[in-house]
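Asker: starting from these lines, generate the structure:
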Amino acid sequence: MNKSFFYTIDKSVVPEYTKILNLMKVPYLVEEPVVLLREGSSACRIVFPNMPASLYGMVRKLFGRDGEPYPL
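Answerer: Here you go, the predicted structure:
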């Protein structure tokens, strides 16, 4: 998957988001970056590929904000 953007969220809400994303048939990956694990963070990332603007709009509405660009 071509990783384009992501949202950092708390691990406790990942099941809620992934359930909705699956219903919407949106492609995604859940990542736990090493830097966050080292810091003892309870955060993880939901990562998305490039997508049409209409689909991005639905994802943006779900998370309530724009996604962060995925680092190269």
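Asker: please, where are all the helices along the chain?
Answerer: 14-24, 34-38, 53-63 (DSSP state H).
Asker: tell me the contacts of residue 29?
Answerer: Counting by C-beta atoms under 8 Å, 6 or more residues apart in numbering, residue 29 touches 1, 3, 46, 47. All C-beta atoms are positioned from the backbone trio N, CA, C, and that covers glycine.
Asker: I meant to write residue 51 there.
Answerer: Applying C-beta under 8 Å, 6+ apart to residue 51 gives the contacts 4, 26, 27, 59.
Asker: next, give phi and psi for it.
Answerer: Phi and psi for residue 51, reported as degrees, to the nearest 10, are phi -150, psi 160.
Asker: give me the beta-bridge partners of the residue most central in space within the chain?
Answerer: Central residue of the chain (C-alpha atoms, centre = their mean): residue 46, 2.2 Å from the mean position. Assessed by DSSP bridges, residue 46 has beta-bridge partners residue 7, residue 30.
Asker: where does the protein dip in pLDDT?
Answerer: Counting by pLDDT under 70, the chain has low-confidence residues at 34-40.
Asker: sorry, back to before: the helices of the chain: which one's closest to residue 72?
Answerer: Residue 72 lies closest, by C-beta to C-beta, to one member of the helices of the chain: helix 34-38, at 15.4 Å.
Asker: next one: residue 10 from residue 56, what distance?
Answerer: Remark: distance between residue 10 and residue 56 (C-beta to C-beta, to the nearest Å) = 22 Å.
Asker: hang on, the earlier thing: most widely separated two among the contacts of residue 29?
Answerer: Across the contacts of residue 29, the longest distance by C-beta to C-beta is 12.2 Å; it joins 1 and 46.
Asker: out of the contacts of residue 51, which are buried?
Answerer: 26, 59 (16 or more other C-beta atoms under 10 Å).
Asker: export the helices of the chain to CSV and tack on distance to residue 71?
Answerer: Below are these laid out as CSV (distance: least, C-beta to C-beta, whole Å):
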stretch, distance to residue 71
helix 14-24, 20
helix 34-38, 11
helix 53-63, 18
